[in-house]
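Colleague: the sequence isn't on hand, but the structure is:
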């Protein structure tokens, strides 16, 4: 029974310690002033979810993105300093402007933050680079009266260079080159990258007729280039090229000229929701 009694006293002592809260003075020599801590929920309170923006939008109506960070409740009697950060899907968040710290003043419950993007010099078309805007830390100015209960701490932004020319359903794309001069022998190569001679080869066509055809598989996304040459170096030459998409759409370029072994087209492909976007550029 003595052991049970001591155990009960110990548990009672622990309970007293846990429920004491915080004293502003030494509770041994002075009863002090009881000051319980308050939970403060801080996070993004705006409705800017999963935005898609142009990297270097020249439209005069375009403006930096505005986010709101706040408590979502009554203002505090002290200022709060927030540390912010940005990360990106390619590991190098460049060409982005934002404040690294902001303050919610005493008596206020929110603050607005502007974030803006400029050209990073990398050709990505409408393949999105995902930026994550994040609240990294909240400082209550050394006050022991509050502690953080995290709310929505991040916002994602998809940044693209340009919009697609058109959208289609998912599937392979057939690229067909034809010409009328039977003395010519054009060969065609589809490679990964923006006019990259060392890019991986996706498909090639090196027949001896007046038609060559290559296919971009449905599981390939990114930037691709079409390289052509005339087997006998008989330049200049003229050809027609058509792109047939999964939904039956056909984009045709007639009377294209080729003066030497060279890249003749680039194509950007990326999923956009349930569809796939494309951009074709004749070089």
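Modeller: Yes, it's here. Every value quoted in this text rests on a predicted model; they were computed, and no experiment measured them. Numbers count the residues shown, from 1 in each chain.
Colleague: for the rest of this, base every contact and every neighbour count on C-alpha atoms.
Modeller: Will do.
Colleague: just give me the neighbour total for the residue nearest to residue 165 when sequence neighbours are not counted.
Modeller: Spatial nearest neighbour of residue 165, excluding adjacent residues (C-alpha to C-alpha, 6 or more residues apart in numbering): residue 279 at 4.9 Å. Residue 279 has 18 neighbouring residues, counting by other C-alpha atoms under 10 Å.
Colleague: likewise the one 3 residues further on?
Modeller: Under the neighbour criterion other C-alpha under 10 Å, residue 282 is assigned a count of 11.
Colleague: which residue packs closest to it, ignoring adjacent ones?
Modeller: Closest to residue 282 by C-alpha to C-alpha, 6+ apart is residue 265, at 4.6 Å.
Colleague: the one you found and residue 223 touch, don't they?
Modeller: No - applying C-alpha atoms under 8 Å, one finds residue 265 not in contact with residue 223, separated by 10.8 Å.
Colleague: out of these two, which sits in the busier spot?
Modeller: Just comparing residue 265 and residue 223: by other C-alpha under 10 Å the higher neighbour count belongs to residue 223, 21 against 18.
Colleague: what about the residue nearest to residue 165, which helix or strand?
Modeller: Using DSSP states H and E, the element containing residue 279 is strand 275-282.
Colleague: could you spell out the sheet neighbours of that strand, each with its direction?
Modeller: Sheet pairing of strand 275-282 (DSSP bridges) gives strand 166-168 (antiparallel), strand 262-272 (antiparallel).
Colleague: of all these, which one is nearest residue 44?
Modeller: Residue 44 lies closest to strand 262-272 among those, at 25.6 Å (C-alpha to C-alpha).
Colleague: show me which positions of that closest one end up buried.
Modeller: Buried positions in strand 262-272, judged by neighbour count with 16 or more other C-alpha atoms under 10 Å: 263-271.
Colleague: repeat for stretch 66-75
Modeller: Those would be 67, 69-71, 75, for stretch 66-75 by 16+ other C-alpha under 10 Å.
Colleague: before we move on, back to that, mind putting the strands paired with strand 275-282 into CSV with mean pLDDT and distance to residue 238?
Modeller: Shown next, in CSV, are the strands paired with strand 275-282 (pLDDT from 0 to 100; distance: least, C-alpha to C-alpha, whole Å):
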stretch, mean pLDDT, distance to residue 238
strand 166-168, 91, 26
strand 262-272, 92, 12
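Colleague: now these in CSV, please, with extra columns for distance to residue 158.
Modeller: Listed next are those as CSV, based on distance: least, C-alpha to C-alpha, whole Å:
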stretch, distance to residue 158
strand 166-168, 18
strand 262-272, 11
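Colleague: thank you, goodbye.
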